[in-house]
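In: Need a 3D model of the sequence below.
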Amino acid sequence: MRVMIDGYNLGLEKGTGVATYARNLSYCLHSLGHEVGVLYGGRPGPGIKKLMKEIAFFDSNVGDVPLWLQRLRAVREAVVAPLGYEATQVPLTGTVIYETFRAKLPYFDSLWNAKDLFRRAHAVFYLWRWPGTVYSRFKPDLMHWTYPLPLRLHGTRNIYTLHDLVPLRLPYTTLDNKRQYLRMCTWIARSAAHIVTVSETSRRDIINVLGVDPNRVTNTYQAVSLPEKHANKPLDIAKREVEGSFGLTFGRYFIFFGALEPKKNLGRLIEAYLGSGVETPLVIVGAPLWKSEQDLALLYDDHIRSLLTVGNETRVKRRVIRLDYVPFPLLLSLIRGARATLFPSLYEGFGLPVLESMLLGTPVLSSNVSSIPEVAGDAARLVDPYDTFAIAQAIRELDENADLRAELSHRGARQAAMFGVPQYEARLREVYSKVMER
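Out: Coordinates of the predicted model:
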């Protein structure tokens, strides 16, 4: 078949779980033999030259058009936006060297772009409650939107992945306009050819909250896959990378990695870690997003630092180390070297960091709520994410009990294998066949 997916999250500078989902989906579609088109919504290149359009796709700093032309285009867009959006193909002449972006790019047979598509579609839906229609010369058999968006591709079946309903279940943890979000999800529930989700927990939420017929919602889970050259590099190299880059002792630190947002429960994690009394440092990897100031407040208190004398030199020893960003290959080494991953999230549609840690052989502490128990099985130490005492006790257990860590590492590898690419491709093939037959 010919399948198109959206590049809504693939255009983000830093990776997210949804971006990983879309990227893995594209490669699985290729593996299944489908022709893959990817639809972006960035700024097109000025003029009609192919080279400038190619350059503009990889770098928006290509110069501005005259002010009078900007205004003329703005008027035209305001008039025609409710009528639809035109997607044009991004020419790849081979002139631009895009090796830097290769790890972030999905698999594609062709790339398409509709100017400022996603922002304009949200604005029109907010004002007029009118979903946008995209027109393209690429005529796929199926359009798979990897995120809830107020858009449909003309002339084909449109299916949507709803990863979770966090803005409706835990509204205080997101910045979404909840009325707008509910309206958009209700439209998707009514009009989608099919809805895909990533856990049984999310499937139940979609059925119960949005009132969707159970036959129109399929849980495919996600593919958990990491590049072999980074995930399985020799242990001595990973050890040198971690100790040389961060001054950490391989195997003697805990790690949290992911977006620093309210649902990740970072405030309680830090409180529990400090209350556990362990000396093993905690490394937090992730950029702060919305409402993260209160969760991170404890990081700036003096009691999490102590003076350490090394020879004649006095140094500051930090119990909690926060890193905004770590390159992906180095992050995998950092996870491999952790004593355990600490991930007591309040709510996850899937919980990718849990299985990624298991795939790398790292024991996991996580939550006993939302999708985590069905994804982690018996391969993680699960706790009540609202109970800081329980989290602290579990941290002490993992710090002191090498046998427990070894057992969780063994179980984790087995559990992660259940979410491999072949299993995901089989579930994907089944849901696509169901949609096409209908």
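In: same question for stretch 202-213, mean pLDDT?
Out: Stretch 202-213 comes out with an average pLDDT of 98.
In: and for it, what are the contacting residues?
Out: 162-165, 168-169, 185-186, 189, 195, 197, 214, 217-219, 349-350, 371 (CB atoms under 8 Å, 6 or more residues apart in numbering). Heads up, the C-betas are built off the backbone N, CA and C, glycines and all.
In: Buried residues, it. List them.
Out: Using 16 or more other CB atoms under 10 Å as the test for burial, stretch 202-213 gives 202-203, 205-207, 210, 212.
In: thinking in terms of the whole chain, how far from its middle is stretch 243-251?
Out: 27 Å (CA atoms, centre = their mean, to the nearest Å).
In: tell me the mean pLDDT for it?
Out: 95.
In: Would you mind listing the buried residues in that stretch?
Out: 246, 248, 250.
In: Would you mind measuring from the second one to Leu182?
Out: Between Leu248 and Leu182 the computed distance is 44 Å (CB to CB, to the nearest Å).
In: same thing with the last one?
Out: Plainly put, Phe250 is 47 Å away from Leu182 if you go by CB to CB.
In: Test my guess that Tyr40 contacts Leu10.
Out: Yes - with contact defined as CB atoms under 8 Å, Tyr40 counts as touching Leu10 (7.4 Å).
In: Looking at the contacts of stretch 202-213, which are in helices?
Out: 168-169, 185-186, 189 (DSSP state H).
In: Return the closest of these with respect to Phe57.
Out: Closest approach to Phe57 among the ones in helices among the contacts of stretch 202-213 (CB to CB): Cys185, at 30.4 Å.
In: ok, now which ones touch the closest one?
Out: Taking CB under 8 Å, 6+ apart, we find Cys185 in contact with 148, 162, 165, 168, 210.
In: Can you select the buried ones from the ones in helices among the contacts of stretch 202-213 in ChimeraX?
Out: Applying 16+ other CB under 10 Å to these, the buried members can be selected in ChimeraX as follows:
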select :168,169,185,189
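In: Could you save the ones in helices among the contacts of stretch 202-213 as CSV and add columns showing distance to Ala103?
Out: Listed next are the ones in helices among the contacts of stretch 202-213 as CSV, based on distance: CB to CB, whole Å:
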residue, distance to Ala103
Leu168, 33
Arg169, 33
Cys185, 32
Thr186, 37
Ala189, 35
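In: Kindly reformat the ones in helices among the contacts of stretch 202-213 as a markdown table and extend each row with pLDDT.
Out: Below are those laid out as a markdown table (pLDDT from 0 to 100):
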| residue | pLDDT |
| --- | --- |
| Leu168 | 97 |
| Arg169 | 96 |
| Cys185 | 98 |
| Thr186 | 98 |
| Ala189 | 98 |
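In: Tell me the one among the ones in helices among the contacts of stretch 202-213 nearest to Trp130.
Out: Nearest to Trp130 out of the ones in helices among the contacts of stretch 202-213 is Thr186 (CB to CB; 13.9 Å).
In: a helix runs through Leu149, doesn't it?
Out: No - applying DSSP: H, G, I helix; E, B strand; the rest coil, one finds Leu149 to be coil, outside a helix.
In: Sitting in strands, which of the contacts of stretch 202-213 do you find?
Out: Using DSSP state E, the members of the contacts of stretch 202-213 that fall within strands are 195, 197, 217-219.
In: Residues in contact with the host helix or strand of Arg396: which ones?
Out: Arg396 is part of helix 388-400, with elements assigned from DSSP states H and E. Residues from elsewhere that reach helix 388-400 (CB under 8 Å, 6+ apart): 254, 268-269, 271-273, 275-278, 280, 339-340, 342, 344, 363, 365, 381, 383-385, 404-405.
In: Buried only: go through the residues you listed for me.
Out: Among these, the ones that count as buried by 16+ other CB under 10 Å are 254, 268-269, 271-273, 276, 278, 280, 339-340, 342, 344, 363, 365, 381, 383, 385, 404-405.
In: Looking at those, which are in helices?
Out: 268-269, 271-273, 276, 404-405.
In: mind listing what Gly351 touches?
Out: By CB under 8 Å, 6+ apart, the contact set of Gly351 is 343, 345, 366, 370-372, 375-376.
In: Look up how far Gly377 lies from it.
Out: Taking CB to CB, one finds Gly351 at 12 Å from Gly377.
In: do the same with Pro131
Out: From Pro131 across to Gly377, the span is 39 Å (CB to CB).
In: Compare the two (neighbour count), which wins?
Out: Neighbour totals were compared for Pro131 and Gly377, and Pro131 leads with 18 against 15 (other CB atoms under 10 Å).
In: neighbours around the residue nearest to that one when sequence neighbours are not counted, how many?
Out: Sequence neighbours aside, Pro150 is the residue nearest to Pro131 in space, at 4.5 Å (criterion: CB to CB, 6 or more residues apart in numbering). A count of neighbours around Pro150, defined by other CB under 10 Å, yields 22.
In: can you check Arg102 too?
Out: There are 7 residues near Arg102, going by other CB under 10 Å.
In: Next up, the contacts around it.
Out: Counted by CB under 8 Å, 6+ apart, Arg102 has zero contacts.
In: Look at Leu175 and say how many residues are nearby.
Out: Counted with other CB under 10 Å, residues neighbouring Leu175 total 11.
In: Against Val354, how distant is it?
Out: 25 Å.
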